[in-house]
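Novice: prediction below, plus the sequence it came from.
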Amino acid sequence: MKKNIKFYWKLFLSTFTLSAFTFGGGYVIVPLMRKKFVEELNWIEEEEMLNIVAISQSAPGMIAVNTSIMTGYRLAGVFGAIIATFGTVLPPLIIITIIAGFYTAFKENRIINALLLGMRAGVAAVIIDVIIKMARNVIKTKNNISIAIMVTALIAAVVFDINAALIIILSGVFGGFYYNIVKRTGESQ
Amino acid sequence: MIYLEIFLSFFQIGLFSFGGGYAALPLIEAQVLEYHNWLTIEEFADLLTISQMTPGPIAINAATFVGTKVAGLPGAVIATIGSVTPSFIIVLTLSYFYFRYKNLSSIQNILKGLRPAVVSLIASAGLSILMLTVFKTEGITLLNIKLSNINFVAIIMVVISVFILRKFKIDPIKVMLGTGVLGVLVYGLF
């Protein structure tokens, strides 16, 4: 991958477009990023993308911004991180600056509300599509521990509403403990 | 100096919001309503409504909204820079160590434990959006589902979109725009 102006422009344009379509919370950017950087551009591998999301999630700040910073850094160092961050914050900055003057008219506009309600269905579909692929990849490994972590984390998040950062930290601690200590002692016996 | 005040307020919001999204809400409220009288309660409520309607993290939306109101466009830019600066420093530091040591087997093992959990976190976020899409009123749980609350048009749109995404390698953004246009036709005109 050559780091010329064309590359940086593509990085900026990708993060800008992804951010402009991140409706409904920071996690929505993850499926979009995966589609763009993993499937379309082949810049990052799937496992690495998941590592990046996990680490971004355990740092303070906004998930969409953190994931962009780390992806940018992975692709082109500190300068890449700056470009990716710039691309990510620009759409909300532009949109809110424009709307700030007439937001009452905006939030009560029937057509805009209908458009957003319709887009929500598309957002849900995009996430469902990506979850099917990612969950299938975890199941395909036939690693029972991974599948157990996935199911436990899902129950913790959906049923018990446990904080996402806590789930990340606990599963990391468990992974470190299990694969480093339990499994290694078992193998050496 | 107003610019420095704005910068520091949003720097704190960026630094102390863990877990993303609505975790930042109480911090934003404390900064812009309690410590500084930058917004009225009505304006704060409007900000939340607009944030739900526009893309992007709520902290950036708040930064731009408050910054514009207090000190115009430069205020918006400074507030936004303030809110991402802590992330920038912390995430870059983490990135540096991650890419340097990621091949160590002990780090690989931790990451091996993390990855399945991330899939579930994304699934959990997806489920909230799906619930919001499928039911007409908010706050629906599995216990109080009523037939009249279900938005069948949305269900059909979700099912068809998932089918199209899985069958054809189509750009997800086009799918979102497509359901948006359908939304205008179905909800807006009838």
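Specialist: Sure thing, it's come through.
Novice: so chain B: which segments form each domain?
Specialist: What the record gives for chain B is the domain set B:2-101, B:102-149, B:151-190, from automatic domain parsing.
Novice: as JSON lines, those domains with mean neighbour count would be great.
Specialist: Every C-beta, even on glycine, is put in place using the N, C-alpha and C of the backbone. Formatted as JSON lines, the domains of chain B follow (neighbours: other C-beta atoms under 10 Å in any protein chain shown):
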{"stretch": "domain B:2-101", "mean neighbour count": "20"}
{"stretch": "domain B:102-149", "mean neighbour count": "17"}
{"stretch": "domain B:151-190", "mean neighbour count": "17"}
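Novice: mean pLDDT lowest for which of these?
Specialist: Among the domains of chain B, domain B:102-149 has the lowest mean pLDDT, at a mean of 78.
Novice: wondering if that domain reaches chain A at all.
Specialist: Yes. Judged by C-beta under 8 Å from any C-beta of the partner chain, domain B:102-149 comes into contact with chain A through B:102, B:105-106, B:109-130, B:132-133.
Novice: so what's the gap between that domain and the chain middle?
Specialist: 14 Å (C-alpha atoms, centre = their mean, to the nearest Å).
Novice: next one: the most centrally placed residue in chain A from chain B, what distance?
Specialist: Centroid-nearest residue in chain A: A:V30, 2.4 Å away (criterion: C-alpha atoms, centre = their mean). Distance, A:V30 to chain B, using C-beta to the nearest C-beta, to the nearest Å: 6 Å.
Novice: name the helices or strands packed onto the helix or strand containing that residue?
Specialist: Here A:V30 sits within helix A:29-33, counting by DSSP states H and E. For helix A:29-33, the packing partners by 3 or more C-beta pairs under 8 Å, 6 or more residues apart in numbering or on different chains; DSSP states H and E come out as helix A:5-20, helix A:46-58, helix A:63-99, helix A:110-140, helix B:172-183.
Novice: still on that earlier bit, which of the residues of domain B:102-149 next to chain A fall within strands?
Specialist: Using DSSP state E, no member of these falls in strands.
Novice: contacts only, for B:Y187.
Specialist: Applying C-beta atoms under 8 Å, 6 or more residues apart in numbering or on different chains to B:Y187 gives the contacts A:N113, A:A114, A:L117, A:G118, B:V153.
Novice: among the residues of domain B:102-149 next to chain A, which are in helices?
Specialist: B:105-106, B:109-130, B:132-133 (DSSP state H).
Novice: chain center to the helix holding A:V30, what's the gap?
Specialist: Worked out by C-alpha atoms, centre = their mean, helix A:29-33 lies 5 Å from the chain centre.
Novice: what's the average pLDDT for that helix?
Specialist: Helix A:29-33 comes out with an average pLDDT of 83.
Novice: contacts for that helix, please.
Specialist: In contact with helix A:29-33 (C-beta under 8 Å, 6+ apart) are residues A:18-19, A:21-22, A:49, A:53, A:63-64, A:67-68, A:71, A:126-127, A:129-131, B:122, B:172-173.
Novice: okay, the residue nearest to the centre of chain A and A:A54: tell me how far apart.
Specialist: From A:V30 across to A:A54, the span is 11 Å (C-beta to C-beta, to the nearest Å).
Novice: likewise for A:N137?
Specialist: Distance, A:N137 to A:A54, using C-beta to C-beta: 15 Å.
Novice: okay, the two: which has more neighbours?
Specialist: Set side by side, A:N137 and A:A54 show more neighbours around A:A54, with 22 against 16, by other C-beta atoms under 10 Å in any protein chain shown.
Novice: what's the closest non-adjacent residue to the more buried one?
Specialist: Nearest residue to A:A54 in three dimensions, chain neighbours excluded: B:L114, at 4.2 Å (C-beta to C-beta, 6 or more residues apart in numbering or on different chains).
Novice: and the one you found, what is it in contact with?
Specialist: Taking C-beta under 8 Å, 6+ apart as the contact definition, B:L114 lies against A:L50, A:N51, A:A54, A:I168, A:S171, A:G172, A:G175.
Novice: of all those, which comes closest to chain B?
Specialist: Among the contacts of B:L114, A:G175 lies closest to chain B (C-beta to the nearest C-beta), at 1.5 Å.
Novice: quick check: mean pLDDT across the helix or strand hosting that closest one?
Specialist: Element membership of A:G175 [criterion: DSSP H and E] is helix A:164-177. Mean pLDDT, helix A:164-177: 85.
Novice: anything in that helix near chain B?
Specialist: Yes. Contact between helix A:164-177 and chain B, assessed by C-beta under 8 Å from any C-beta, occurs at A:A164, A:A165, A:I167, A:I168, A:S171, A:G172, A:V173, A:F174, A:G175, A:G176.
Novice: export that helix to CSV, keeping only CA atoms.
Specialist: In CSV, the C-alpha atoms belonging to helix A:164-177 read as follows (Å, rounded to 0.1, in the frame of the first residue of the first chain):
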residue,chain,number,x,y,z
ALA,A,164,-19.5,-2.6,27.8
ALA,A,165,-16.1,-1.6,29.0
LEU,A,166,-16.5,-3.9,32.0
ILE,A,167,-17.4,-6.8,29.7
ILE,A,168,-14.3,-6.2,27.6
ILE,A,169,-12.0,-6.1,30.6
LEU,A,170,-13.5,-9.2,32.2
SER,A,171,-13.3,-11.3,29.0
GLY,A,172,-9.7,-10.1,28.4
VAL,A,173,-8.8,-11.1,32.0
PHE,A,174,-10.5,-14.4,31.5
GLY,A,175,-8.8,-15.1,28.1
GLY,A,176,-5.4,-14.2,29.6
PHE,A,177,-6.0,-16.4,32.6
